[in-house]
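Student: Can you look at this prediction? I've put the sequence above it.
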Amino acid sequence: MHKVNRSHLWATSAIVAGLGLGLFVGVGCSSNSSSGNNSASPTTYSGTLTGTGGASGTLSFTIGAAAAMLQPAAFLPSSTETVSGTLTLTGGSAITLSGTFTTPNGPLNVSGGGYTFQGTLTNGVLSGTWTGPSSNGSFSALAGGSSSVTNYCGTFSGSDSGTWNFTISGTTLSGSYTGTSGSGILTGTVNGNSVTISTQGGGTAQGTIDGTNVSGTWTGGSKSGTWTGSSTGC
């Protein structure tokens, strides 16, 4: 019979135990590090709204732990965060808003001063619909405060007419429009001074930024026209 070398077994067991401990400690450190990277902090979304009766204005929402939304949604538990915000209609005073946001993608439910906002977060754009005492429409906002985004407010005319507002952050454009045929969201891109826009209704628009002003043309089915706006008109 082969004689077992007990000292060899003891040495092997010690090595395996040591590796297991090291693996356990390594996983623990990785978990702590990941936890540190996922710490949440408030994030502000700034944007514009349009509505019936020529309603137009700017808004901002600060979500209590919106930084967590930068992580993949599959790895995030759902939680309800508090939201504070401000609505400023063109020619009016600021209205305080408050409510909740369910991470990672919504819904957003905010109200104040007789106005209510409901929306979701998709591809970095916080958008949805709103209602007020005498008007209703659509809104859209991008991550960033007033120093990192630019709001443009204006109108469109032609086969249809109404309000046409959007926000630019870097090369991303998002906004809304409200006309006699309805209301919807604008999405687009910015390349230098040129903007390319798609409407929720399936239309398209192009335009040019010239200082604080922006203008262009739009088409949607058999309808077409022009649009114009300004960063000083909000």
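Tutor: Perfect, thanks for sending it. Residues are numbered from 1 along each chain as shown.

Student: and G53, that's in a helix?
Tutor: Yes. Per DSSP: H, G, I helix; E, B strand; the rest coil, G53 lies within a helix segment.

Student: which strand residues sit across from G229 in the sheet?
Tutor: G154, V214 (DSSP bridges).

Student: dump the residue contacts of it.
Tutor: Residues in contact with G229, defined by Cβ atoms under 8 Å, 6 or more residues apart in numbering, are 152-155, 164-166, 213-215. The way it works is simple: take the backbone N, C-alpha and C, and place the C-beta from them, glycine included.

Student: now with 7 Å?
Tutor: G229 makes contact with 152-154, 164-165, 214, according to Cβ atoms under 7 Å, 6 or more residues apart in numbering.

Student: quick one: contacts of stretch 95-112?
Tutor: With Cβ under 7 Å, 6+ apart as the test, stretch 95-112 has contacts from 61, 63, 65, 68-69, 73, 76, 78-87, 113, 115, 117-122, 126, 128.

Student: swap in stretch 54-61?
Tutor: So stretch 54-61 is contacted by 44-50, 83, 85-90, 110, 126, 135, 137, 139, 141, 151, 153, 163, 165, 234 (Cβ under 7 Å, 6+ apart).

Student: Which ChimeraX command selects the buried ones in those?
Tutor: Restricted to buried positions by 16 or more other Cβ atoms under 10 Å, the ChimeraX selection for the contacts of stretch 54-61 reads:
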select :44,45,46,47,48,49,50,83,85,87,89,90,110,126,135,137,139,141,151,153,163,165,234
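
Student: List the buried residues for stretch 196-210?
Tutor: Buried residues in stretch 196-210, defined by neighbour count with 16+ other Cβ under 10 Å: 197, 199, 201, 203, 205, 207, 209.

Student: Could you measure from the residue nearest to the last one when sequence neighbours are not counted over to W218?
Tutor: It refers to I209. Distances taken as Cβ to Cβ, 6 or more residues apart in numbering place N193 nearest to I209, at 4.6 Å, with adjacent residues excluded. Per Cβ to Cβ, to the nearest Å, N193 is found 18 Å from W218.

Student: Give me the more crowded residue out of these two.
Tutor: Of the pair N193 and W218, W218 is the one with more neighbours under other Cβ atoms under 10 Å, namely 24 against 11.

Student: Please list all residues in contact with the more buried one.
Tutor: Taking Cβ under 7 Å, 6+ apart as the definition, contacts of W218 comprise 156, 203, 205, 224-225, 227.

Student: Quick one: these as CSV, columns for pLDDT and secondary structure too.
Tutor: What follows is the contacts of W218, written out as CSV (pLDDT from 0 to 100; DSSP: H, G, I helix; E, B strand; the rest coil):
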residue, pLDDT, secondary structure
F156, 98, strand
G203, 95, coil
A205, 98, strand
S224, 97, strand
G225, 98, strand
W227, 98, strand
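
Student: between these, which is nearest T189?
Tutor: Distances from T189 to the contacts of W218, taken as Cβ to Cβ, are shortest for A205 (11.8 Å).

Student: Count the neighbours of N109 for me.
Tutor: So N109, with other Cβ under 10 Å, has 16 neighbours.

Student: bridging residues for the spatially closest residue to it that is not a sequence neighbour?
Tutor: Among residues not flanking N109 along the chain, G99 sits closest, at 4.9 Å (Cβ to Cβ, 6+ apart). Legend: beta-bridge partners of G99 under DSSP bridges are V83, V110.

Student: how close does G99 get to N151?
Tutor: Per Cβ to Cβ, G99 is found 21 Å from N151.
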